[in-house]
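Asks: the sequence and its predicted three-dimensional model are supplied below.
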Amino acid sequence: MCRNNFHNPIQCIIPPYISDKLLDAAGSAKLLIALNNELRSSRFRNDRAFFGNLTEKQRTVLAKPARAPKKPVMKMQVYDMEHDTVLSNGKLVWNNGKVIKTMDTDTKNVVAAGTATWDLYYQIFGRNSIDNLGLVLKHYIHYDNKYDNAFWDGRRMVYGDGDGKIFGSFTADPDIIGHELTHGVTQYESNLTYHNQSGALNESLSDVFGIMIKQRLLNQDVKKSKWLIGENVLKGAKYSLRSMKAPGTAYVAHPDLGTDPQPATFDQYMALPDTERGDWGGVHINSGITNFAFYVTALKIGGFSWEKAGRIWYAAMTDKEQFQSASSFEDFKNLTIRKSETLYGAGSLETKAVKDGWAEAKV
Amino acid sequence: MEIKLQRVGGILPLTKEAAAEVDWTEQETKALLDFIGLKEKKDTQNRDATAHFLEVNGQTVPVDLKKVPPKYRTIFEGLEADLKFVKS
(Lines give C-alpha, C1' and ligand atoms only; values in the text may rest on other atoms or scores of the structure.)
Protein backbone atom coordinates (compact mmCIF):
# COMPACT_ATOMS: atom_id res chain seq x y z
CA MET A 1 0.00 0.00 0.00
CA CYS A 2 2.84 2.36 0.76
CA ARG A 3 4.37 2.60 -2.67
CA ASN A 4 7.29 4.82 -1.81
CA ASN A 5 9.15 5.76 1.24
CA PHE A 6 6.83 8.70 1.87
CA HIS A 7 6.06 10.01 5.33
CA ASN A 8 2.86 11.74 4.39
CA PRO A 9 0.26 9.56 6.18
CA ILE A 10 -2.26 9.84 3.39
CA GLN A 11 0.10 8.67 0.73
CA CYS A 12 1.73 6.08 2.91
CA ILE A 13 -1.11 4.00 4.37
CA ILE A 14 -4.23 4.68 2.36
CA PRO A 15 -4.71 2.59 -0.75
CA PRO A 16 -4.64 4.51 -4.04
CA TYR A 17 -8.35 4.07 -4.83
CA ILE A 18 -9.25 5.72 -1.54
CA SER A 19 -6.73 8.48 -2.03
CA ASP A 20 -8.45 9.17 -5.36
CA LYS A 21 -11.86 9.29 -3.69
CA LEU A 22 -10.55 11.62 -1.04
CA LEU A 23 -9.12 13.91 -3.66
CA ASP A 24 -12.55 13.97 -5.32
CA ALA A 25 -14.06 15.00 -2.04
CA ALA A 26 -11.37 17.57 -1.32
CA GLY A 27 -13.70 20.42 -1.89
CA SER A 28 -16.39 19.14 0.45
CA ALA A 29 -16.70 19.80 4.20
CA LYS A 30 -16.67 16.07 4.85
CA LEU A 31 -13.05 15.63 3.88
CA LEU A 32 -11.62 15.70 7.41
CA ILE A 33 -14.16 13.16 8.70
CA ALA A 34 -13.56 10.88 5.75
CA LEU A 35 -9.82 11.09 6.23
CA ASN A 36 -10.04 10.22 9.91
CA ASN A 37 -12.30 7.23 9.24
CA GLU A 38 -10.05 5.86 6.56
CA LEU A 39 -6.97 6.42 8.69
CA ARG A 40 -8.46 4.37 11.52
CA SER A 41 -9.55 1.56 9.18
CA SER A 42 -6.19 1.46 7.58
CA ARG A 43 -4.36 1.24 10.91
CA PHE A 44 -6.63 -1.58 11.97
CA ARG A 45 -5.92 -3.53 8.78
CA ASN A 46 -2.19 -3.06 9.22
CA ASP A 47 -2.27 -4.08 12.88
CA ARG A 48 -4.22 -7.21 12.04
CA ALA A 49 -1.74 -8.14 9.32
CA PHE A 50 1.21 -7.47 11.63
CA PHE A 51 -0.10 -9.53 14.55
CA GLY A 52 -1.34 -12.26 12.21
CA ASN A 53 2.19 -12.84 10.95
CA LEU A 54 3.82 -13.14 14.38
CA THR A 55 5.22 -16.43 15.60
CA GLU A 56 4.11 -17.86 18.96
CA LYS A 57 7.38 -16.78 20.50
CA GLN A 58 6.98 -13.23 19.23
CA ARG A 59 3.43 -13.11 20.58
CA THR A 60 4.61 -14.24 24.01
CA VAL A 61 7.19 -11.49 24.12
CA LEU A 62 4.62 -8.86 23.20
CA ALA A 63 1.83 -10.15 25.43
CA LYS A 64 1.37 -8.48 28.81
CA PRO A 65 2.10 -10.84 31.70
CA ALA A 66 -1.23 -12.14 33.06
CA ARG A 67 -2.10 -10.75 36.48
CA ALA A 68 -2.65 -13.34 39.19
CA PRO A 69 -6.39 -13.32 40.05
CA LYS A 70 -7.09 -11.35 43.21
CA LYS A 71 -7.86 -13.60 46.15
CA PRO A 72 -11.31 -12.72 47.52
CA VAL A 73 -11.32 -11.11 50.95
CA MET A 74 -14.23 -11.17 53.37
CA LYS A 75 -16.01 -7.85 53.85
CA MET A 76 -18.13 -7.59 56.97
CA GLN A 77 -19.78 -4.93 59.11
CA VAL A 78 -21.60 -5.01 62.43
CA TYR A 79 -24.25 -2.44 63.34
CA ASP A 80 -25.66 -1.89 66.83
CA MET A 81 -29.40 -1.21 66.71
CA GLU A 82 -29.41 -0.08 70.37
CA HIS A 83 -32.93 -1.59 70.60
CA ASP A 84 -34.31 0.42 67.70
CA THR A 85 -36.22 -1.34 64.91
CA VAL A 86 -35.45 0.98 62.01
CA LEU A 87 -32.41 -0.65 60.42
CA SER A 88 -31.13 2.59 58.90
CA ASN A 89 -30.66 3.84 62.49
CA GLY A 90 -28.10 1.13 63.28
CA LYS A 91 -24.67 2.39 64.36
CA LEU A 92 -21.59 0.91 62.73
CA VAL A 93 -19.50 -0.66 65.52
CA TRP A 94 -17.16 -2.97 63.59
CA ASN A 95 -15.98 -2.50 60.04
CA ASN A 96 -13.78 -5.06 58.27
CA GLY A 97 -11.63 -5.71 61.31
CA LYS A 98 -11.65 -2.13 62.56
CA VAL A 99 -13.16 -1.85 66.03
CA ILE A 100 -15.22 1.34 66.17
CA LYS A 101 -16.87 0.68 69.52
CA THR A 102 -15.60 -1.74 72.16
CA MET A 103 -16.74 -5.20 71.11
CA ASP A 104 -19.48 -6.68 73.28
CA THR A 105 -20.30 -10.41 73.35
CA ASP A 106 -22.79 -10.13 70.49
CA THR A 107 -20.33 -8.30 68.27
CA LYS A 108 -17.71 -10.95 69.01
CA ASN A 109 -20.25 -13.70 68.28
CA VAL A 110 -21.32 -12.38 64.88
CA VAL A 111 -17.74 -11.58 63.85
CA ALA A 112 -16.56 -15.10 64.76
CA ALA A 113 -19.51 -16.92 63.18
CA GLY A 114 -19.70 -14.57 60.20
CA THR A 115 -16.02 -15.25 59.53
CA ALA A 116 -16.54 -19.00 59.95
CA THR A 117 -19.44 -18.83 57.48
CA TRP A 118 -17.47 -16.89 54.88
CA ASP A 119 -14.53 -19.28 55.37
CA LEU A 120 -16.63 -22.42 54.91
CA TYR A 121 -18.19 -21.09 51.73
CA TYR A 122 -14.87 -19.90 50.32
CA GLN A 123 -12.38 -22.49 51.55
CA ILE A 124 -14.56 -25.54 51.00
CA PHE A 125 -16.89 -24.55 48.18
CA GLY A 126 -14.94 -21.74 46.47
CA ARG A 127 -17.78 -19.26 46.96
CA ASN A 128 -17.03 -15.57 47.44
CA SER A 129 -19.64 -14.47 49.99
CA ILE A 130 -23.42 -14.68 49.82
CA ASP A 131 -23.75 -13.63 46.18
CA ASN A 132 -20.43 -15.17 45.05
CA LEU A 133 -19.41 -11.64 44.10
CA GLY A 134 -18.03 -10.49 47.44
CA LEU A 135 -21.16 -8.99 49.01
CA VAL A 136 -20.48 -7.26 52.35
CA LEU A 137 -21.89 -9.32 55.23
CA LYS A 138 -23.96 -6.97 57.39
CA HIS A 139 -25.03 -7.96 60.89
CA TYR A 140 -27.50 -5.90 62.92
CA ILE A 141 -27.40 -6.76 66.62
CA HIS A 142 -29.54 -5.67 69.62
CA TYR A 143 -32.65 -5.29 67.48
CA ASP A 144 -35.77 -4.16 69.37
CA ASN A 145 -36.39 -4.83 73.06
CA LYS A 146 -36.02 -8.43 74.19
CA TYR A 147 -36.72 -9.52 70.63
CA ASP A 148 -36.70 -13.32 70.54
CA ASN A 149 -35.79 -13.95 66.94
CA ALA A 150 -33.21 -13.58 64.17
CA PHE A 151 -34.01 -13.00 60.51
CA TRP A 152 -32.65 -12.27 57.05
CA ASP A 153 -34.35 -9.28 55.43
CA GLY A 154 -33.17 -9.91 51.88
CA ARG A 155 -29.94 -7.94 52.36
CA ARG A 156 -28.70 -8.38 55.94
CA MET A 157 -28.88 -10.42 59.14
CA VAL A 158 -30.78 -9.11 62.15
CA TYR A 159 -30.55 -10.50 65.70
CA GLY A 160 -32.54 -9.88 68.85
CA ASP A 161 -31.27 -10.21 72.41
CA GLY A 162 -34.00 -12.65 73.49
CA ASP A 163 -36.17 -12.13 76.54
CA GLY A 164 -33.46 -13.46 78.85
CA LYS A 165 -35.86 -16.02 80.35
CA ILE A 166 -36.85 -18.41 77.58
CA PHE A 167 -34.43 -17.20 74.95
CA GLY A 168 -30.91 -15.88 75.19
CA SER A 169 -29.26 -13.74 72.54
CA PHE A 170 -29.80 -14.99 69.01
CA THR A 171 -26.10 -14.49 68.31
CA ALA A 172 -25.21 -17.18 70.85
CA ASP A 173 -25.03 -20.02 68.30
CA PRO A 174 -22.89 -19.94 65.15
CA ASP A 175 -25.40 -22.25 63.43
CA ILE A 176 -28.09 -19.55 63.73
CA ILE A 177 -25.78 -16.96 62.18
CA GLY A 178 -24.83 -19.42 59.44
CA HIS A 179 -28.52 -20.22 58.98
CA GLU A 180 -29.43 -16.58 58.30
CA LEU A 181 -26.47 -16.06 55.97
CA THR A 182 -27.39 -19.16 54.01
CA HIS A 183 -30.84 -17.69 53.34
CA GLY A 184 -28.87 -15.11 51.38
CA VAL A 185 -27.00 -17.80 49.44
CA THR A 186 -30.29 -19.52 48.55
CA GLN A 187 -31.74 -16.18 47.48
CA TYR A 188 -28.87 -15.69 45.01
CA GLU A 189 -29.01 -19.28 43.75
CA SER A 190 -32.31 -21.16 43.32
CA ASN A 191 -34.32 -18.49 45.18
CA LEU A 192 -36.57 -21.24 46.50
CA THR A 193 -40.07 -19.89 47.04
CA TYR A 194 -40.98 -19.65 50.69
CA HIS A 195 -44.03 -21.89 50.65
CA ASN A 196 -44.71 -25.56 51.32
CA GLN A 197 -41.99 -28.01 50.15
CA SER A 198 -39.72 -25.50 48.40
CA GLY A 199 -39.95 -23.26 51.47
CA ALA A 200 -39.11 -26.19 53.75
CA LEU A 201 -36.11 -26.96 51.52
CA ASN A 202 -35.07 -23.31 51.85
CA GLU A 203 -35.20 -23.62 55.65
CA SER A 204 -33.46 -26.98 55.61
CA LEU A 205 -30.55 -25.72 53.51
CA SER A 206 -30.06 -22.96 56.07
CA ASP A 207 -29.96 -25.53 58.87
CA VAL A 208 -27.66 -27.86 56.90
CA PHE A 209 -25.09 -25.16 56.20
CA GLY A 210 -25.62 -23.66 59.65
CA ILE A 211 -24.70 -26.94 61.34
CA MET A 212 -21.68 -27.43 59.06
CA ILE A 213 -20.44 -23.95 60.00
CA LYS A 214 -20.75 -24.80 63.69
CA GLN A 215 -19.17 -28.25 63.31
CA ARG A 216 -16.20 -26.82 61.38
CA LEU A 217 -15.74 -23.98 63.86
CA LEU A 218 -15.71 -26.50 66.72
CA ASN A 219 -13.80 -29.15 64.74
CA GLN A 220 -16.59 -31.68 65.30
CA ASP A 221 -17.00 -34.74 63.10
CA VAL A 222 -20.39 -36.27 62.37
CA LYS A 223 -20.26 -38.48 65.46
CA LYS A 224 -19.10 -35.82 67.89
CA SER A 225 -21.70 -33.24 66.82
CA LYS A 226 -25.05 -33.17 68.62
CA TRP A 227 -26.70 -31.93 65.40
CA LEU A 228 -28.66 -29.31 67.33
CA ILE A 229 -29.63 -25.90 65.99
CA GLY A 230 -29.81 -23.09 68.53
CA GLU A 231 -28.78 -25.05 71.61
CA ASN A 232 -27.65 -21.88 73.42
CA VAL A 233 -30.39 -19.63 72.08
CA LEU A 234 -33.16 -21.62 73.74
CA LYS A 235 -32.35 -21.65 77.43
CA GLY A 236 -32.17 -24.90 79.37
CA ALA A 237 -29.63 -27.68 78.95
CA LYS A 238 -32.10 -30.11 77.36
CA TYR A 239 -33.58 -27.66 74.86
CA SER A 240 -32.66 -26.38 71.41
CA LEU A 241 -34.61 -24.97 68.47
CA ARG A 242 -34.24 -28.00 66.21
CA SER A 243 -32.63 -31.41 66.17
CA MET A 244 -31.40 -32.62 62.80
CA LYS A 245 -30.56 -36.03 64.24
CA ALA A 246 -34.00 -36.55 65.79
CA PRO A 247 -36.49 -33.97 64.50
CA GLY A 248 -39.36 -33.51 66.95
CA THR A 249 -37.18 -33.83 70.04
CA ALA A 250 -35.43 -30.44 70.23
CA TYR A 251 -37.75 -29.44 73.05
CA VAL A 252 -40.22 -31.80 74.66
CA ALA A 253 -42.83 -30.66 77.18
CA HIS A 254 -41.15 -27.28 77.50
CA PRO A 255 -43.08 -25.30 80.16
CA ASP A 256 -43.67 -22.36 77.82
CA LEU A 257 -43.30 -23.72 74.31
CA GLY A 258 -44.71 -27.24 74.51
CA THR A 259 -43.18 -29.85 72.22
CA ASP A 260 -41.17 -29.58 69.01
CA PRO A 261 -43.60 -30.39 66.15
CA GLN A 262 -41.02 -31.28 63.47
CA PRO A 263 -41.49 -34.58 61.60
CA ALA A 264 -38.45 -36.65 60.59
CA THR A 265 -40.08 -38.55 57.76
CA PHE A 266 -42.17 -37.62 54.74
CA ASP A 267 -45.14 -39.79 55.79
CA GLN A 268 -45.53 -37.36 58.72
CA TYR A 269 -45.43 -34.25 56.49
CA MET A 270 -47.65 -31.56 58.00
CA ALA A 271 -49.97 -29.86 55.51
CA LEU A 272 -50.39 -26.41 57.04
CA PRO A 273 -52.06 -23.34 55.53
CA ASP A 274 -49.88 -21.40 53.11
CA THR A 275 -50.24 -18.20 55.13
CA GLU A 276 -48.03 -16.20 57.45
CA ARG A 277 -49.87 -17.74 60.41
CA GLY A 278 -49.49 -21.19 58.91
CA ASP A 279 -45.70 -20.74 58.62
CA TRP A 280 -46.20 -20.59 54.85
CA GLY A 281 -47.21 -24.23 54.75
CA GLY A 282 -44.93 -25.30 57.60
CA VAL A 283 -41.58 -24.29 56.17
CA HIS A 284 -39.91 -24.47 59.61
CA ILE A 285 -41.77 -27.65 60.48
CA ASN A 286 -41.33 -29.89 57.44
CA SER A 287 -37.69 -28.89 57.07
CA GLY A 288 -37.11 -31.61 59.69
CA ILE A 289 -37.58 -34.22 56.95
CA THR A 290 -34.81 -32.97 54.66
CA ASN A 291 -32.62 -32.10 57.66
CA PHE A 292 -32.88 -35.73 58.71
CA ALA A 293 -31.94 -36.93 55.19
CA PHE A 294 -28.76 -34.83 55.37
CA TYR A 295 -27.93 -36.07 58.86
CA VAL A 296 -28.24 -39.74 57.84
CA THR A 297 -26.21 -39.14 54.67
CA ALA A 298 -23.41 -37.38 56.57
CA LEU A 299 -23.39 -39.99 59.32
CA LYS A 300 -23.15 -42.86 56.83
CA ILE A 301 -20.32 -41.19 54.94
CA GLY A 302 -18.51 -40.40 58.19
CA GLY A 303 -15.73 -37.90 58.92
CA PHE A 304 -16.47 -34.21 58.67
CA SER A 305 -19.87 -33.36 57.21
CA TRP A 306 -18.60 -30.56 54.97
CA GLU A 307 -16.05 -32.73 53.20
CA LYS A 308 -18.39 -34.96 51.23
CA ALA A 309 -22.05 -34.69 52.24
CA GLY A 310 -21.72 -30.89 52.26
CA ARG A 311 -20.07 -30.90 48.85
CA ILE A 312 -22.94 -32.93 47.41
CA TRP A 313 -25.58 -30.64 48.95
CA TYR A 314 -23.70 -27.53 47.80
CA ALA A 315 -23.37 -28.85 44.23
CA ALA A 316 -27.13 -29.48 44.19
CA MET A 317 -28.18 -26.20 45.77
CA THR A 318 -26.11 -24.14 43.31
CA ASP A 319 -27.19 -25.94 40.15
CA LYS A 320 -29.37 -23.22 38.66
CA GLU A 321 -30.38 -25.39 35.72
CA GLN A 322 -31.73 -28.30 37.68
CA PHE A 323 -32.60 -26.78 41.06
CA GLN A 324 -35.27 -24.17 40.65
CA SER A 325 -37.45 -22.00 42.82
CA ALA A 326 -40.38 -24.42 42.95
CA SER A 327 -38.33 -27.59 43.53
CA SER A 328 -39.85 -30.30 45.70
CA PHE A 329 -38.25 -32.74 48.14
CA GLU A 330 -38.31 -35.38 45.40
CA ASP A 331 -36.53 -33.02 42.97
CA PHE A 332 -33.81 -32.30 45.51
CA LYS A 333 -33.44 -35.96 46.39
CA ASN A 334 -32.90 -36.88 42.73
CA LEU A 335 -30.49 -34.01 42.23
CA THR A 336 -28.32 -34.89 45.25
CA ILE A 337 -28.12 -38.48 44.04
CA ARG A 338 -27.05 -37.31 40.57
CA LYS A 339 -24.49 -34.92 42.07
CA SER A 340 -23.06 -37.67 44.23
CA GLU A 341 -22.81 -39.97 41.22
CA THR A 342 -20.92 -37.26 39.34
CA LEU A 343 -18.62 -36.43 42.25
CA TYR A 344 -18.00 -39.90 43.67
CA GLY A 345 -19.39 -42.46 41.24
CA ALA A 346 -22.70 -44.29 40.86
CA GLY A 347 -21.70 -47.28 42.95
CA SER A 348 -19.77 -45.33 45.56
CA LEU A 349 -20.25 -45.45 49.30
CA GLU A 350 -21.16 -41.75 49.15
CA THR A 351 -23.97 -42.28 46.63
CA LYS A 352 -25.30 -45.18 48.66
CA ALA A 353 -25.25 -42.95 51.74
CA VAL A 354 -27.25 -40.25 49.93
CA LYS A 355 -29.82 -42.83 48.82
CA ASP A 356 -29.99 -44.24 52.36
CA GLY A 357 -30.46 -40.73 53.77
CA TRP A 358 -33.48 -40.06 51.60
CA ALA A 359 -34.83 -43.56 52.16
CA GLU A 360 -34.70 -43.14 55.94
CA ALA A 361 -36.48 -39.80 55.61
CA LYS A 362 -39.04 -41.68 53.47
CA VAL A 363 -38.77 -39.25 50.57
CA MET B 1 -64.72 -5.49 73.84
CA GLU B 2 -61.67 -7.73 73.83
CA ILE B 3 -58.85 -7.29 71.38
CA LYS B 4 -56.08 -9.79 70.92
CA LEU B 5 -52.59 -9.11 69.61
CA GLN B 6 -50.77 -12.06 68.05
CA ARG B 7 -47.17 -12.39 66.98
CA VAL B 8 -46.45 -15.21 64.54
CA GLY B 9 -43.48 -16.54 62.60
CA GLY B 10 -39.79 -16.45 63.40
CA ILE B 11 -36.91 -18.90 63.14
CA LEU B 12 -38.88 -20.97 65.64
CA PRO B 13 -42.40 -20.44 64.31
CA LEU B 14 -44.38 -20.01 67.47
CA THR B 15 -47.43 -17.89 68.19
CA LYS B 16 -47.52 -15.38 71.04
CA GLU B 17 -50.73 -13.78 72.20
CA ALA B 18 -51.94 -11.08 74.57
CA ALA B 19 -55.45 -9.73 75.12
CA ALA B 20 -56.88 -6.49 76.50
CA GLU B 21 -60.29 -4.89 77.05
CA VAL B 22 -60.94 -1.67 75.15
CA ASP B 23 -63.93 0.62 74.75
CA TRP B 24 -63.40 1.65 71.15
CA THR B 25 -66.41 2.54 69.05
CA GLU B 26 -67.01 0.63 65.87
CA GLN B 27 -66.06 3.68 63.86
CA GLU B 28 -62.73 4.26 65.55
CA THR B 29 -61.91 0.56 65.40
CA LYS B 30 -62.45 0.66 61.66
CA ALA B 31 -60.37 3.84 61.32
CA LEU B 32 -57.57 2.32 63.38
CA LEU B 33 -57.54 -0.90 61.38
CA ASP B 34 -57.55 1.07 58.15
CA PHE B 35 -54.52 2.97 59.43
CA ILE B 36 -52.38 0.17 60.85
CA GLY B 37 -53.70 -2.71 58.74
CA LEU B 38 -51.42 -4.38 56.21
CA LYS B 39 -51.98 -6.53 53.20
CA GLU B 40 -50.47 -9.94 53.84
CA LYS B 41 -47.33 -10.05 51.72
CA LYS B 42 -46.76 -13.37 50.06
CA ASP B 43 -43.43 -13.02 48.33
CA THR B 44 -40.81 -10.90 50.02
CA GLN B 45 -37.21 -11.98 50.57
CA ASN B 46 -37.70 -11.85 54.35
CA ARG B 47 -36.82 -15.16 55.94
CA ASP B 48 -37.63 -16.14 59.54
CA ALA B 49 -39.36 -12.81 60.04
CA THR B 50 -42.14 -12.22 62.56
CA ALA B 51 -45.48 -10.50 61.95
CA HIS B 52 -48.29 -9.12 64.09
CA PHE B 53 -52.03 -9.66 63.77
CA LEU B 54 -54.83 -7.94 65.61
CA GLU B 55 -57.97 -9.89 66.41
CA VAL B 56 -60.96 -7.65 66.93
CA ASN B 57 -64.70 -8.25 66.51
CA GLY B 58 -64.02 -11.74 65.13
CA GLN B 59 -61.77 -10.31 62.44
CA THR B 60 -57.99 -10.95 62.30
CA VAL B 61 -55.94 -8.35 60.48
CA PRO B 62 -52.16 -8.17 59.86
CA VAL B 63 -50.92 -4.92 61.39
CA ASP B 64 -47.85 -2.70 61.40
CA LEU B 65 -47.18 -1.74 65.00
CA LYS B 66 -44.84 1.05 63.92
CA LYS B 67 -47.88 2.87 62.54
CA VAL B 68 -49.91 2.84 65.76
CA PRO B 69 -51.06 6.43 66.46
CA PRO B 70 -49.91 8.04 69.74
CA LYS B 71 -53.42 7.81 71.20
CA TYR B 72 -53.27 3.99 71.12
CA ARG B 73 -49.56 3.50 71.81
CA THR B 74 -49.93 2.73 75.51
CA ILE B 75 -52.42 -0.06 74.91
CA PHE B 76 -50.30 -1.64 72.17
CA GLU B 77 -47.10 -1.34 74.20
CA GLY B 78 -48.89 -3.08 77.05
CA LEU B 79 -50.07 -5.84 74.73
CA GLU B 80 -46.57 -6.31 73.31
CA ALA B 81 -45.11 -6.58 76.80
CA ASP B 82 -47.75 -9.17 77.74
CA LEU B 83 -47.28 -11.45 74.73
CA LYS B 84 -47.07 -15.09 75.86
CA PHE B 85 -46.26 -18.18 73.83
CA VAL B 86 -49.08 -20.45 72.78
CA LYS B 87 -47.82 -23.98 73.40
CA SER B 88 -47.49 -26.26 70.41
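Replies: Sure thing, it's come through. Residues are numbered from 1 along each chain as shown, chains lettered A, B, ... in the order given.

Asks: okay, residue A:49: pLDDT?
Replies: Reported pLDDT at residue A:49 in the predicted model: 82.

Asks: what of residue B:57?
Replies: Confidence score, pLDDT, at residue B:57: 89.

Asks: low-confidence ranges, the chain, go.
Replies: You didn't say which chain, so I picked chain A. Within chain A, the ranges that satisfy pLDDT under 70 run A:1-30, A:64-66.

Asks: wait, chain B was what I had in mind.
Replies: Residue ranges of chain B with pLDDT under 70: B:40, B:42.

Asks: contact residues of chain A facing chain B?
Replies: Contact residues, chain A versus chain B (C-beta under 8 Å from any C-beta of the partner chain): A:85, A:148-155, A:166, A:170, A:176, A:179-180, A:183, A:187, A:193-195, A:202, A:206, A:230, A:234, A:241-242, A:254, A:256-261, A:275-277, A:279, A:283-285. Every C-beta, even on glycine, is put in place using the N, C-alpha and C of the backbone.

Asks: now do the strands in the chain.
Replies: If you meant another chain, say so; for now it's chain A. With DSSP state E, the ranges of strands along chain A come out as A:76-80, A:91-95, A:98-99, A:137-143, A:150-152, A:157-160, A:228-229, A:242-243.

Asks: nope, chain B
Replies: Applying DSSP E to chain B gives strands spanning B:2-9, B:15-21, B:50-56, B:59-63, B:84-86.

Asks: check whether the shortest one contacts chain A.
Replies: Yep, that's strand B:84-86 we're talking about. Yes. Strand B:84-86 is in contact with chain A by C-beta under 8 Å from any C-beta, via B:84-85.

Asks: residues in contact with that strand?
Replies: A:166, A:256-257, B:14-18 (C-beta atoms under 8 Å, 6 or more residues apart in numbering or on different chains).

Asks: so which of the residues you listed wins on neighbours?
Replies: Using other C-beta atoms under 10 Å in any protein chain shown as the neighbour definition, the contacts of strand B:84-86 reach their maximum at residue B:14, which records 23 neighbours.

Asks: tell me the contacts of that one?
Replies: Contacts for residue B:14 were tallied using C-beta under 8 Å, 6+ apart; they are A:257, B:85-86, B:88.

Asks: try 6 Å this time
Replies: The neighbours of residue B:14, taking C-beta atoms under 6 Å, 6 or more residues apart in numbering or on different chains as the test, are residue B:85.

Asks: my read: residue A:287 touches residue A:204, true?
Replies: Yes. Residue A:287 is in contact with residue A:204 according to C-beta atoms under 6 Å; the separation is 4.0 Å.

Asks: chain B against chain A: which residues are in contact?
Replies: Applying C-beta under 6 Å from any C-beta of the partner chain, we find that chain B lies next to chain A at B:8, B:10-13, B:40, B:45-51, B:85, B:87-88.

Asks: can you tell me which two in those are farthest apart?
Replies: Within those, B:45 and B:87 form the most distant pair, 30.7 Å apart (C-beta to C-beta).

Asks: now the longest helix seen in chain B and strand B:50-56, what's the angle there?
Replies: Among the elements of type helix in chain B, defined by DSSP state H, the one spanning the most residues is helix B:70-82. Angle of helix B:70-82 versus strand B:50-56, following axes from the mean of the first three to the mean of the last three C-alpha atoms, to 10 degrees, is 110 degrees.

Asks: what angle separates helix B:70-82 from strand B:15-21?
Replies: Per the same axes, to 10 degrees, the angle that helix B:70-82 makes with strand B:15-21 is 130 degrees.

Asks: for helix B:70-82, packing partners?
Replies: Other elements packing on helix B:70-82 under the criterion 3 or more C-beta pairs under 6 Å, 6 or more residues apart in numbering or on different chains; DSSP states H and E are strand B:15-21.

Asks: who are the packing partners of the strand it packs on?
Replies: Strand B:15-21 makes packing contacts with strand B:2-9, helix B:70-82, strand B:84-86 when contacts are defined by 3+ C-beta pairs under 6 Å, 6+ apart.

Asks: contacting residues around the second one?
Replies: Contacting residues not belonging to helix B:70-82 are listed as B:5, B:18, B:20, B:68 [C-beta under 6 Å, 6+ apart].

Asks: ok and the residue in the stretch 201-350 of chain A nearest chain B?
Replies: The nearest approach of the stretch 201-350 of chain A to chain B comes at residue A:258, 3.3 Å away (C-beta to the nearest C-beta).

Asks: which residues does that residue form a beta bridge with?
Replies: residue A:254 (DSSP bridges).

Asks: distance of it relative to residue A:99?
Replies: 42 Å (C-beta to C-beta, to the nearest Å).

Asks: of these two, who's got more company?
Replies: residue A:258 (15 against 12).

Asks: the more buried one against residue B:12, yeah?
Replies: No. In terms of C-beta under 6 Å, residue A:258 does not count as a neighbour of residue B:12; the distance is 11.4 Å.

Asks: just the angle between the longest helix of chain B and strand B:59-63, please?
Replies: Direction vectors for helix B:70-82 and strand B:59-63, defined by the same axes, to 10 degrees, enclose an angle of 100 degrees.

Asks: buried set for helix B:70-82?
Replies: Burial within helix B:70-82, assessed by neighbour count using 16 or more other C-beta atoms under 10 Å in any protein chain shown, is assigned to B:75-76, B:79-80.

Asks: going by distance to residue B:60, which of these wins?
Replies: Residue B:60 has its nearest neighbour among these in residue B:79, at 14.4 Å by C-beta to C-beta.

Asks: circling back to that earlier point, so how far is residue A:284 from the residue of the stretch 201-350 of chain A closest to chain B?
Replies: Here the distance between residue A:258 and residue A:284 works out to 15 Å (C-beta to C-beta).

Asks: do the same with residue A:199
Replies: Taken as C-beta to C-beta, the span from residue A:199 to residue A:284 is 9 Å.

Asks: please apply the same query to residue A:270.
Replies: With distances taken as C-beta to C-beta, residue A:270 is found 11 Å from residue A:284.

Asks: no further questions, thank you.
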